[in-house]
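A.B. asks: Below is the structure, and that's it, no one-letter string:
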């Protein structure tokens, strides 16, 4: 191979890569203000808009005799003039934490697709059920009441959650139309949701360890396990606490499977076949119950995925969720004209 041919074989692909990236070396672009010899000139096609983010929003204040608990929310809003569907993310945390700023990969993808994306914290153990469900509904009502401010179409609000957050969004969907959990502000607007995505969530608090290692099943029978504390609270004063198995009626009232009546919105249920923290049977039973009630259900079992591990942060999973919300809430309008909703 001669020297000239060898040079071309190396130089041509490099030049193509450079052009593909939108950058060219300009021999002479003196027509551009700021140009000097040797400058690179980049031409950029505008395909993506901007996303405004506001954090520290107080969406609910829980008042007690000597204190006020403020619940926070972060909202990401694509900067377009169009009314947009919204998706609210509720984080997992074993019922003991609700760090709402996580799962940014999923939230950013939804915002890039044109959805208003909120992420909300909620009360956790030792605060008992139904506090977290009341908080979830309060977050939905807050966004609906402030739809004009954030550019939201109030008729198109969906929810997504993982693990304990999955439990919460299942409860929100399963209690559409129920008013018992609507507490706090903006009760003049609906807390109903139009789509639910639950990721390795919990549908029956009495059987989280179903089919798993016997040692884990034993843990779930303990009065100290978090689902027992969620429903019964700790042993304190005259209250003895109790195992989640000690009062099935109470446990099922706190489980989405105890509320399914056919009024639920469309569900996307995702679980990993390798989950050894929350049994995949939780999602299997939920899918079966919803289908029996006539609800539109999409059930995706992710082969080999565990609980909160890396498969859940990969493109195929994230794209599946985005497509679900586009299908169920409508594709957000790609209005080229910018409009600031904040």
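C.D. replies: Sure thing, it's come through. For clarity, every value in this text was computed on a predicted model and none was experimentally measured. Numbering: from 1, shown residues only.
A.B. asks: Mind jotting down where the helices sit in the protein?
C.D. replies: Assigned by DSSP state H, the helices in the chain fall at 3-20, 104-112, 131-145, 147-150, 164-174, 214-220, 226-232, 248-253, 281-292, 315-329.
A.B. asks: And those helices: which comes nearest residue 184?
C.D. replies: helix 131-145 (4.8 Å; CB to CB). All C-beta spots, glycine's among them, are computed from the backbone N, C-alpha and C.
A.B. asks: picking that back up, which of the helices of the chain is buried the deepest?
C.D. replies: Comparing those by mean neighbour count (mean count of other CB atoms under 10 Å), helix 164-174 ranks first with a mean of 29.
A.B. asks: where does it sit relative to the chain's centre, distance-wise?
C.D. replies: Relative to its chain's centre, helix 164-174 lies at 11 Å (CA atoms, centre = their mean, to the nearest Å).
A.B. asks: now that helix against helix 131-145, angle please.
C.D. replies: Helix 164-174 and helix 131-145 meet at an angle of 70 degrees, taking axes from the mean of the first three to the mean of the last three CA atoms, to 10 degrees as the criterion.
A.B. asks: okay if I get the helices of the chain as a markdown table plus mean pLDDT and distance to residue 69?
C.D. replies: Converted to a markdown table, the helices of the chain look like this (pLDDT from 0 to 100; distance: least, CB to CB, whole Å):
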| stretch | mean pLDDT | distance to residue 69 |
| --- | --- | --- |
| helix 3-20 | 48 | 52 |
| helix 104-112 | 97 | 24 |
| helix 131-145 | 98 | 10 |
| helix 147-150 | 96 | 23 |
| helix 164-174 | 98 | 17 |
| helix 214-220 | 89 | 29 |
| helix 226-232 | 97 | 17 |
| helix 248-253 | 97 | 24 |
| helix 281-292 | 98 | 29 |
| helix 315-329 | 98 | 30 |
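A.B. asks: any chance of these in JSON lines, plus distance to residue 67?
C.D. replies: Below are the helices of the chain laid out as JSON lines (distance: least, CB to CB, whole Å):
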{"stretch": "helix 3-20", "distance to residue 67": "58"}
{"stretch": "helix 104-112", "distance to residue 67": "30"}
{"stretch": "helix 131-145", "distance to residue 67": "15"}
{"stretch": "helix 147-150", "distance to residue 67": "28"}
{"stretch": "helix 164-174", "distance to residue 67": "23"}
{"stretch": "helix 214-220", "distance to residue 67": "33"}
{"stretch": "helix 226-232", "distance to residue 67": "21"}
{"stretch": "helix 248-253", "distance to residue 67": "27"}
{"stretch": "helix 281-292", "distance to residue 67": "35"}
{"stretch": "helix 315-329", "distance to residue 67": "37"}
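A.B. asks: Out of those, which is closest to residue 75?
C.D. replies: Residue 75 lies closest, by CB to CB, to one member of the helices of the chain: helix 147-150, at 5.8 Å.
A.B. asks: and of the helices of the chain, who's closest to residue 54?
C.D. replies: helix 147-150 (8.7 Å).
A.B. asks: what's the burial count for residue 68?
C.D. replies: Neighbour count of residue 68, defined by other CB atoms under 10 Å: 9.
A.B. asks: typo on my end, residue 43
C.D. replies: Neighbours of residue 43 under the rule other CB under 10 Å: 7.
A.B. asks: got it, and residue 50?
C.D. replies: 10.
A.B. asks: circling back: among the helices of the chain, which is nearest residue 157?
C.D. replies: Residue 157 lies closest to helix 131-145 among the helices of the chain, at 6.0 Å (CB to CB).
A.B. asks: thinking residue 301 is in contact with residue 271, fair?
C.D. replies: Yes: applying CB atoms under 8 Å as the test, residue 301 and residue 271 come out as touching, 6.0 Å apart.
A.B. asks: of those two, who's got more company?
C.D. replies: The neighbour count for residue 301 versus residue 271, taken as other CB under 10 Å, is higher for residue 271 (26 against 16).
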